[in-house]
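1. pasting a predicted model and its sequence here:
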There are 2 protein chains.
Amino acid sequence: MSGLFCFRQMIVWISSYTFNKNKGINMIVSKKNILDFAKHYRATFINSITGFKNASLIGTVSGKGTHNLAIFNSVIHVGANPPLMGFLMRPVSVERHTYTNIKETNYYTVNHINKEIFKQAHQTSASYEKEISEFEACVLTPEYTERTKAPYVKEAKVKIGLKFLEEQEIKSNGTIFIVGEIQEVIVPNDAVLTDGYVDIEKAGSITISGLDSYHEMERISRLSYAKPGVLTKEI
Amino acid sequence: MSGLFCFRQMIVWISSYTFNKNKGINMIVSKKNILDFAKHYRATFINSITGFKNASLIGTVSGKGTHNLAIFNSVIHVGANPPLMGFLMRPVSVERHTYTNIKETNYYTVNHINKEIFKQAHQTSASYEKEISEFEACVLTPEYTERTKAPYVKEAKVKIGLKFLEEQEIKSNGTIFIVGEIQEVIVPNDAVLTDGYVDIEKAGSITISGLDSYHEMERISRLSYAKPGVLTKEI
């Protein structure tokens, strides 16, 4: 298997060289090239061209009370009023503990990954059995408040409690887009600015690229609301 | 209006103070608090708690040949085989040029925003009329290759050409999740590592938090594939 992988990898390098030679500073990769890539190379390549991704831990609990914690990089804003967030779940053709727990209990939490816990956060992606709590296995602490029926990650600084609202299946590959309504937000006091902006950089939130690369942020600037014919300025 | 806004803002500050006083270092915000926030404060708050967001320009062309370019912060990975990406579109109760163009021509491009063009990218969010090309209005250059029927942004370094596959309406608020299949990827040669990882930090890609804050990245580290009982290590 390893030999075959090496051989396929070599083919990929040779193909890359062909792109390089013909196209100057850019590599131009067609859909056919992508489908010809070795499986791991393709997964790594396609996952990293998406751009920088949200880095969150989603906390749930099963009907029987077993905690689950899983890393996701697809959390997005869905709406402010009502306050909604969404994330994409891989096909449920194999058992997905996060999905099962959300369907059983209706509640889940989204916890920003920060620099202090990114290794534990990454470790939650290992294939633990359903009866194993990733909180325990990855040395993170479950925490509840009055309003949530799902565990937060105590070590996270920005935490959101959500109630499941709807799911939409993406027919093209069986992934599922999950939408929840925000029930509660916990953020450090000193990160909330007077206009409502939450300085998540100050709160230590980080980001992911590809499947395994973690990045911290440095602000370039905030820009004013854009209007036609008016040059946007730094605020 | 402005007076009313100030008054509501003051209420928000007073409420925040109440959270602060009672809750120590954390602000705990309930769903009711969020619904009571002034409109702009709420939009800013909810948009920034999502976490760091993808920063992309989506390029399209209408059936009549007019270019359109719009900034999006919801692009996510959907699958590697077939190679799929998705993004969320606001409700089409008012005209959305990107949506109309994708439905007319079936093609669109996703272009990573980098530090050199983030002000022009932000400016595309102004409400331009349909017959105005944001490429021209925001001083960016449309560029075509053999494989795409939609314009890339020449000044972007990581560019993806996509073909529309499906749309799923989020019933909770009328937003639409658009899924497309990758037809072509253009990346700088020197950003592609031997395992397929594309170093988008090296390619200058940046990220957004909230509605208007732009951030550049610094890698903390890449981590090895996670397995139960094995400590993940830096690679």
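-> Yes, it's here.

2. what are the bridge partners for A:Gly180, then?
-> Under the criterion DSSP bridges, A:Gly180 forms beta bridges with A:Met85, A:Phe164.

3. I'd like to know how many residues surround it.
-> Residues within reach of A:Gly180, counting by other C-beta atoms under 10 Å in any protein chain shown, total 27. Every C-beta, even on glycine, is put in place using the N, C-alpha and C of the backbone.

4. for A:Glu218, same thing?
-> Using other C-beta under 10 Å, A:Glu218 has 10 other residues around it.

5. tabulate the CA atom coordinates of the helix or strand where it lies in CSV.
-> In this assignment (DSSP states H and E), A:Glu218 forms part of strand A:213-222. The C-alpha coordinates for strand A:213-222 follow below in CSV (Å, rounded to 0.1, in the frame of the first residue of the first chain):
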residue,chain,number,x,y,z
SER,A,213,-2.8,23.5,10.1
TYR,A,214,-3.6,26.0,12.9
HIS,A,215,-3.1,29.8,12.6
GLU,A,216,-3.3,32.8,14.9
MET,A,217,-4.4,36.2,13.7
GLU,A,218,-3.2,39.7,13.5
ARG,A,219,-5.7,42.4,12.5
ILE,A,220,-4.9,44.4,9.4
SER,A,221,-7.8,46.9,10.0
ARG,A,222,-11.6,47.4,10.2
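
6. how about that strand: buried residues?
-> Burial within strand A:213-222, assessed by neighbour count using 16 or more other C-beta atoms under 10 Å in any protein chain shown, is assigned to A:Ser213, A:Tyr214, A:His215, A:Glu216, A:Met217, A:Ile220, A:Arg222.

7. which strands border it, and is each parallel or antiparallel?
-> When pairing is defined by DSSP bridges, strand A:213-222 lines up against strand A:207-209 (antiparallel), strand B:213-222 (antiparallel).

8. export those strands to CSV and tack on mean pLDDT?
-> Shown next, in CSV, are the strands paired with strand A:213-222 (pLDDT from 0 to 100):
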stretch, mean pLDDT
strand A:207-209, 93
strand B:213-222, 90
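
9. which of those sits closest to B:Val198?
-> strand A:207-209 (8.1 Å; C-beta to C-beta).

10. now do the helices in chain A.
-> With DSSP state H as the criterion, chain A has helices at A:2-23, A:31-36, A:39-49, A:97-105, A:118-123, A:134-137.

11. and the shortest one, what does it pack onto?
-> Spelled out, that is helix A:134-137. strand A:67-72 (3 or more C-beta pairs under 8 Å, 6 or more residues apart in numbering or on different chains; DSSP states H and E).

12. quick one: the strand it packs on to helix A:97-105, angle?
-> Strand A:67-72 runs at 130 degrees relative to helix A:97-105, counting by axes from the mean of the first three to the mean of the last three C-alpha atoms, to 10 degrees.

13. check the offset of strand A:67-72 from the chain's centre.
-> On the basis of C-alpha atoms, centre = their mean, to the nearest Å, strand A:67-72 sits 11 Å off its chain's mean C-alpha point.

14. model confidence over it, on average?
-> Mean per-residue pLDDT for strand A:67-72: 96.

15. try stretch A:184-191
-> For stretch A:184-191, mean pLDDT is 96.

16. pLDDT-wise, which helix or strand of chain A ranks last?
-> Within chain A, no helix or strand scores below helix A:2-23, which has a mean of 51 by mean pLDDT, DSSP states H and E.

17. show me where chain A dips below the pLDDT cut-off.
-> In the predicted model of chain A, residues A:1-24 satisfy pLDDT under 70.
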